[in-house]
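Trainee: please find the sequence and the predicted model below.
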Amino acid sequence: MNPSPIWPLLWRLACYTPKLALADAGLWLLISGVFPAIPGLIIQGFFDALTETTPLSLSPLAFLGLLVATSVGEIAAICAGQWVRTQYRFNLRSLLRNNLLERLLQQPGAQPLTLAGSQHQTVSPGEVIAYFREDPELIEQTVARTADVVGQGLVAMGAIALLLSINVQITLTVFLPLAIISVAVQQARQKIKQYRQASRQATQAVTGFLGEMFASVQVIKATHTEEPVLHYLQQINTERQHHMVKDQLLSTVLNSSFENLTNLGLGLILLQIATARTSGTETLSVGDFALFVYYLTFVTVFFRGLGQHLALVKQTEVSFERLSALQSQATTTEHSPQSSSALALVAHKPLYFPKLLGRQPPLPPVEQSYQTPQAHLETLTVVDLSYRHPHSEKGIEAISFSLRRSSLTVITGPTGSGKTTLLRVLLGLLPRKAGIIYWNGQPVEDPASFFQPSRSAYTPQVPHLFSDTLRNNLLLGLEKYDTDLQTALYRSVFEQDVVAMPTGLETLVGTRGVRLSGGQLQRAAAARMLIRQPELLVFDDLSSALDVETEQQLWERLFEDEQLLGDWRPTCLITSNRPSVLRRADHIIVLNEGRIEACGRFDELSRLNPD
Ligand SMILES: Nc1ncnc2c1ncn2[C@@H]1O[C@H](COP(=O)(O)OP(=O)(O)OP(=O)(O)O)[C@@H](O)[C@H]1O
């Protein structure tokens, strides 16, 4: 059998906060091992003292006192244990979520998420939420419970050794049912994994559909498709129910088998004692019998916990596989298989949580965009850039062009000609299939990380704002003065709108900026770009939400107000079909079916094609 890679992963995760892990393991060794075992010894001493098997060394009240003291100690340990465990588990879960998010953000932003090995199985945002919610919780639960099981196991072995020293034959009969259980669990492991995978996928389908349903409430209402939508939801929920019942049923059957086999073991012991007594053979003192009964339950509870834990480990394997498949879809290669994605999930990164008894470490500074003379854009050259969308085979083919500093280049062409695709491939939001991009003559290896402020900024056709104030949306952690903000608002022709808002820059824009109009959303996104003063400004079709006059004003303020611009000389690459913008352009690129059909200035192109 191949060694399962899950244990190194769990170990690596457990080592993330070593002090918390040690405190947690120590406290839970006391809670689930030592404290539950002590009463057995006290009870044994108590009964042996009562039956005078051993000379009474303590009064019955003293034994009671010992029991109470053990319980008080246990309660104190449980309080401390819960406190430590909450922090420990929270750290582990957060690390997994942080690593997953980090990897997802590294993938080309404009490509839908798919699972590794399946280009066609896309994952909706709702489904991704299910990944973030359930799998990290299951994994951290397994790590924490592994420490419990190990602690319990150590104490259980000690208990078995003690029982063996009292009576070997009776002790061994305990192991018969437990051995059967272990074999049964081993057999059921594969099935548990299958059922868990199916129930997870079904849950994911329901969550994903719920997400899409809420995002499309207006469409559903407008097209009166409430009934089919609800019918479909019901259908996938029934499927989910079916899988969940199978999953839970198998776990419950295994658990109840454990319980009943334990009782069977106990019955066997009693039978042996009875047989021995009738044949006149001395077996156990009353105290030993009490210890036996107490520890038998204690030991079998451990074995039952072990069986459940092995099942949990199987489910955790599924969680690791799911998370790895999600995060490796764009990064998996022959040399970096899915296992490296699993390792990346448990990689140690700072989370900046408060220490157990200390203060919160300072958060890392937000990267500020500073311009250096070396970073100024002189020329941007694109050579033979190509890309094909995986689902339609449409895209761009061998696109080459060059931009000069402080110029306005407009990409134009009929709808579906590849304008947006070209911008996205250039910026690394889609992975290029071929081509080279040169910034000031130097090839750009990783466009996604290169084309960021202060080098470049991008406003897509439908910009995304966060559910926060307008100010925070514009700054996103950037340290700027209010005067800089006002300048950016003026340049994006947004200043009058902000003045008209009752709370100005403190206005809450709502989820995805829903409280702003389409035009306001685009100008807010433009202001967010402009305050960073990037060298290259990339706009995808401002005219879809701005009227001609407002757009004209925006270009004038961006290119003609030299006093306002100071040293900043932005270079613009935009998509538009608006004649007023084409007339203003220094260079026009005409796309058709993903290829460059013509390029030049407006008057040159008009002479070639008077229509
Ligand atoms: N995610 C996608 N999957 C598959 N095909 C796509 C995808 N996005 C775009 N396409 C296809 O690629 C081609 C180019 O699309 P693109 O959005 O770049 O065109 P466009 O010129 O920007 O159109 P518009 O002017 O309508 O914005 C189109 O045929 C489109 O159907």
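Mentor: Yep, it's here.

Trainee: now the residue in the stretch 101-250 of the chain positioned nearest to the ligand, nearest residue through space, not along the chain?
Mentor: Ranked by CB to the nearest ligand atom, the top residue of the stretch 101-250 of the chain for proximity to the ligand is P112, at 6.7 Å. Placement of C-beta: from N, CA and C, glycine included. Once flanking residues are discounted, P112 sits nearest to T122: 4.5 Å by CB to CB, 6 or more residues apart in numbering.

Trainee: okay, now that neighbour: neighbour count?
Mentor: 15 (other CB atoms under 10 Å).

Trainee: isn't the residue of the stretch 101-250 of the chain closest to the ligand right up against E127?
Mentor: No - counting by CB atoms under 8 Å, P112 sits too far from E127 to count as a contact (11.3 Å).

Trainee: who has more neighbours, those two?
Mentor: Between P112 and E127, counted using other CB under 10 Å, E127 has the larger neighbour count: 23 against 12.

Trainee: next, that one: secondary structure please.
Mentor: Applying DSSP: H, G, I helix; E, B strand; the rest coil to E127 yields a three-state assignment of helix.

Trainee: with S454 instead?
Mentor: Strictly by three-state DSSP, S454 counts as coil.

Trainee: backbone dihedrals for it, please?
Mentor: phi -90, psi 10 (degrees, to the nearest 10).

Trainee: one more: W7?
Mentor: phi -60, psi -50.

Trainee: what do you get for T459?
Mentor: According to degrees, to the nearest 10, T459 has phi -120, psi 110.

Trainee: check what contacts stretch 27-36 and list those residues.
Mentor: Here stretch 27-36 makes contact (CB atoms under 8 Å, 6 or more residues apart in numbering) with 70, 73-74, 77-78, 80-81, 84-85, 144, 147-148, 151-152, 154-156, 298.

Trainee: which parts of this structure sit against the ligand?
Mentor: Taking CB under 6 Å from any ligand atom as the measure of proximity, the chain contacts the ligand at 389, 391-392, 394-395, 413, 415-421.

Trainee: farthest-separated two in the residues you listed?
Mentor: The span of these, defined through CB to CB, is set by H391 and G413 at 21.1 Å.

Trainee: out of the two, which sits in the more crowded spot?
Mentor: Taking neighbours as other CB under 10 Å, H391 and G413 compare with G413 leading, 22 against 10.

Trainee: which one is that one nearest to, not counting chain neighbours?
Mentor: L591 (3.6 Å).

Trainee: assumed that neighbour was part of a helix.
Mentor: No - secondary structure of L591 (three-state DSSP): strand, not part of a helix.

Trainee: which residues sit in contact with it?
Mentor: I396, I399, I411, T412, G413, S417, G418, K419, L422, E597.

Trainee: rerun at 7 Å
Mentor: By CB atoms under 7 Å, 6 or more residues apart in numbering, L591 lies in contact with I411, G413, S417, G418, K419, L422, E597.

Trainee: my guess is the third one contacts I589, does it?
Mentor: Which is S417. No - in this structure, S417 is not within contact of I589 by CB atoms under 7 Å, at 10.5 Å.

Trainee: contacts only, for the nearest residue to S517 once chain neighbours are set aside.
Mentor: Nearest residue to S517 in three dimensions, chain neighbours excluded: A545, at 7.8 Å (CB to CB, 6+ apart). If you count contacts by CB under 7 Å, 6+ apart, A545 has them with G518, G519, L521, Q522.

Trainee: just the buried subset of those residues, written out for PyMOL, thanks.
Mentor: A single PyMOL command selects the buried members of the contacts of A545 (16 or more other CB atoms under 10 Å):
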select buried, resi 519+521+522
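
Trainee: show me the contacts of A545 that map onto helices.
Mentor: When DSSP state H is applied, the contacts of A545 are split such that G518, G519, L521, Q522 fall in helices.

Trainee: let's have those in CSV, adding pLDDT.
Mentor: Shown next, in CSV, are the ones in helices among the contacts of A545 (pLDDT from 0 to 100):
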residue, pLDDT
G518, 85
G519, 86
L521, 90
Q522, 89
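
Trainee: out of the residues you listed, flag the one nearest to A25.
Mentor: Closest to A25, out of all of the ones in helices among the contacts of A545 and judged by CB to CB, is L521, at 51.5 Å.

Trainee: quick one: that closest one and V514 touch, right?
Mentor: No - the criterion here is CB under 7 Å, and L521 misses it with V514 at 9.0 Å.

Trainee: put the alpha carbons of stretch 288-306 into CSV.
Mentor: The C-alpha coordinates for stretch 288-306 follow below in CSV (Å, rounded to 0.1, in the frame of the first residue of the first chain):
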residue,chain,number,x,y,z
ASP,A,288,-10.1,-4.9,40.6
PHE,A,289,-13.4,-5.7,39.1
ALA,A,290,-14.5,-2.1,39.4
LEU,A,291,-11.3,-1.0,37.8
PHE,A,292,-11.8,-3.5,35.0
VAL,A,293,-15.4,-2.4,34.3
TYR,A,294,-14.3,1.3,34.4
TYR,A,295,-11.2,0.8,32.2
LEU,A,296,-12.9,-1.5,29.8
THR,A,297,-15.3,1.3,28.9
PHE,A,298,-12.5,3.8,28.9
VAL,A,299,-10.3,1.7,26.6
THR,A,300,-13.1,0.8,24.2
VAL,A,301,-14.2,4.5,24.0
PHE,A,302,-10.6,5.1,22.9
PHE,A,303,-10.8,2.4,20.2
ARG,A,304,-14.2,3.8,19.1
GLY,A,305,-12.7,7.3,18.9
LEU,A,306,-9.8,5.8,16.9
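
Trainee: what residues does it touch?
Mentor: For stretch 288-306, using CB under 7 Å, 6+ apart, the contacting residues are 36-37, 39-40, 43-44, 47, 149, 152-153, 156, 159-160, 163, 166, 170, 174, 178, 181, 258, 262, 265-266, 269, 284.

Trainee: and if you look at stretch 225-233?
Mentor: F209, M213, I220.

Trainee: change it to 8 Å
Mentor: V206, F209, L210, M213, I220.

Trainee: in it, what counts as buried?
Mentor: Buried residues in stretch 225-233 (16+ other CB under 10 Å): V229.
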